[in-house]
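Trainee: Quick one, structure for this:
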Amino acid sequence: MPTASRRAAAFGTTIFTEINALASQHGAINLGQGRPDFDGPLPIIEEAVRALHSGRYNQYPPGAGIPELREAIARHAAGYDLNVDPGSGVIVTPGATEAVFAAVMGLIDPGDEVIIIEPFFDSYPPNVLMAGGVPVYVALHPPDWTLDPDELRVAFSPRTRALILNTPHNPTGRVLTLDELTLVAEMCQRHDVTVISDEVYEHLLFDGARHIPIAALPGMFERTVTIGSAGKSFGMTGWKIGWVYGPAELVRGVGQAHQYIAFAANHPAQAAVAYAFSLPSRYFDQYRADYTRKRDLMMQGLAAAGLKARAPEGTYFVMADFSDVFEGDDAAFARHLITQMGVACIPPSSFFSPAHRSIGEKQARFAFCKDDATLTAAAERMAALKQP
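Mentor: Numbering: from 1, shown residues only. Sure, this is the predicted structure:
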């Protein structure tokens, strides 16, 4: 009898699908998936409407993306002193998740080792496995979610082909420091390793944290592809517009994979995102201010519920230690919180390899990309955790 492939069956169902279904079943406030419950800027939406009505954007776009968006992305990269050719150095993708997959498929060969920093975004290991690669894991360690230099060094071998980097980091909210990035850069140059740098939260920073693209470090542009996301930068997750930029030779490899995965991204949404890049800088100032307020509401709610959390330096996620209020592991805690408290979170042990899963077993990931009233209501429900 026909069945799914063993490869696909091994991946199971994403934790996001499982938690979303359970949250819906119990009417829980969903602080699990990073899905804002409010809209992005109205002018960008209006630009998408104009694109739809113009008659110019309702058929296939160029596979690599429309010129005006690729040029906007190259100008954006120039803000980091990166010289990106919009013609040969940029590809627009249907979301950053596809961008990572196309980068992995286009830049590694079967048998190559790929270093993945844990906890990871859950698509990274399946991407590497589907490409025939071998994931090699290096963990960040709580409570400050720091990288152990010795553990990173020993992860490199003659078979290492690539390293997937994510900063600002989902799910911990860490923004890697210049010292950490310099160590990664030194090791990648020493071992001739390509970096796939997932920087989708580049504009979501708190308390003076500074995002440093690893491609901007000496000797790193030529070995790095950088991934960005309109869903994260402009609050339009449903549009699924991402991008990859970097040196022409590496981007060519990404494009050769992309053309057979998705071919192209949503055409009218590309036009609107190109416009979004023209918004004045005060847009990102307000964006950070709004999310700083939301982060603070989230931190207050977690503290009142008896959870211990390190304030994130970036992203709209926070990891919280629940061991003072619940005895089970993270999966049991997530189920308890949903079914008994009416609040959904993500159990992060699924973001670790089996060897390191215990690191996440007393943690929960909360998303605060929600309306202030939603965060306040969630905090009120979670307060029952601390009651005797």
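Trainee: which residues in the stretch 1-150 of the chain form strands?
Mentor: Secondary structure of the stretch 1-150 of the chain, counting by DSSP state E, counting those that start in this stretch: strands at 29-30, 90-93, 113-118, 134-141, 146-147.
Trainee: The second one packs against which elements?
Mentor: Using 3 or more Cβ pairs under 8 Å, 6 or more residues apart in numbering; DSSP states H and E as the contact criterion, the neighbours of strand 90-93 among helices and strands are helix 67-78, helix 96-107, strand 242-245, helix 248-261. C-beta here means a position set from N, CA and C on the backbone, and glycine is covered the same way.
Trainee: Each with direction, which strands does the shortest one pair with?
Mentor: Yep, that's strand 242-245 we're talking about. strand 90-93 (antiparallel), strand 224-229 (antiparallel) (DSSP bridges).
Trainee: Out of the strands of the stretch 1-150 of the chain, flag the one nearest residue 326.
Mentor: Checking the strands of the stretch 1-150 of the chain against residue 326 by Cβ to Cβ gives strand 29-30 as the closest, at 17.9 Å.
Trainee: quick revisit: with respect to burial, which of the strands of the stretch 1-150 of the chain scores highest?
Mentor: strand 90-93 (a mean of 28; mean count of other Cβ atoms under 10 Å).
Trainee: what domains does the record give for the protein?
Mentor: Partitioning the chain according to automatic domain parsing yields domains covering residues 6-40+282-386, 42-276.
Trainee: Just send these back as JSON lines, with mean pLDDT too.
Mentor: Below are the domains of the chain laid out as JSON lines (pLDDT from 0 to 100):
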{"stretch": "domain 6-40+282-386", "mean pLDDT": "95"}
{"stretch": "domain 42-276", "mean pLDDT": "97"}
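Trainee: before we move on, back to that, go through the helices and strands packed on strand 90-93 and pick out the most buried.
Mentor: strand 242-245 (a mean of 28).
Trainee: starting at the chain centroid, how far to it?
Mentor: What separates the centre of strand 242-245 from the centre of its chain is 13 Å, taken as Cα atoms, centre = their mean, to the nearest Å.
Trainee: re the thing from before, may I see the strands paired with strand 242-245 arranged in a markdown table, with distance to residue 173 as well?
Mentor: Written out in a markdown table, the entries for these read as follows (distance: least, Cβ to Cβ, whole Å):
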| stretch | distance to residue 173 |
| --- | --- |
| strand 90-93 | 25 |
| strand 224-229 | 17 |
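Trainee: closest to residue 308 out of the ones you listed?
Mentor: The closest of the strands paired with strand 242-245 to residue 308 is strand 224-229. By Cβ to Cβ, the value is 29.8 Å.
Trainee: so how far is the closest one off the chain centroid?
Mentor: A distance of 11 Å separates the C-alpha centroid of strand 224-229 from that of its chain, computed with Cα atoms, centre = their mean.
Trainee: Residues contacting it, please?
Mentor: 73, 76-77, 82, 95-96, 99-100, 103, 107, 194-200, 202, 213-215, 241-247, 250-251, 254 (Cβ atoms under 8 Å, 6 or more residues apart in numbering).
Trainee: So residue 304 is in contact with residue 385, correct?
Mentor: No - using Cβ atoms under 8 Å as the test, residue 304 is too far from residue 385 to be in contact (9.1 Å).
Trainee: Quick check on these two: which one has the bigger neighbour count.
Mentor: A direct count of neighbours by other Cβ atoms under 10 Å for residue 304 and residue 385 places residue 385 higher, at 21 against 14.
Trainee: Is the more buried one in a helix, a strand, or coil?
Mentor: With DSSP: H, G, I helix; E, B strand; the rest coil as the basis, the three-state label of residue 385 is helix.
Trainee: again with residue 323
Mentor: When states are read from three-state DSSP, the local structure at residue 323 comes out as coil.
Trainee: give the contact list for the closest residue to it other than its chain neighbours.
Mentor: Take residue 323 and drop its neighbours on the chain: the residue closest to it by Cβ to Cβ, 6 or more residues apart in numbering is residue 362, 4.4 Å away. By Cβ under 8 Å, 6+ apart, the contact list for residue 362 reads 321-323, 329-330.
Trainee: Would you list the phi and psi of residue 362?
Mentor: Backbone dihedrals for residue 362, given as degrees, to the nearest 10, come out at phi -120, psi 20.
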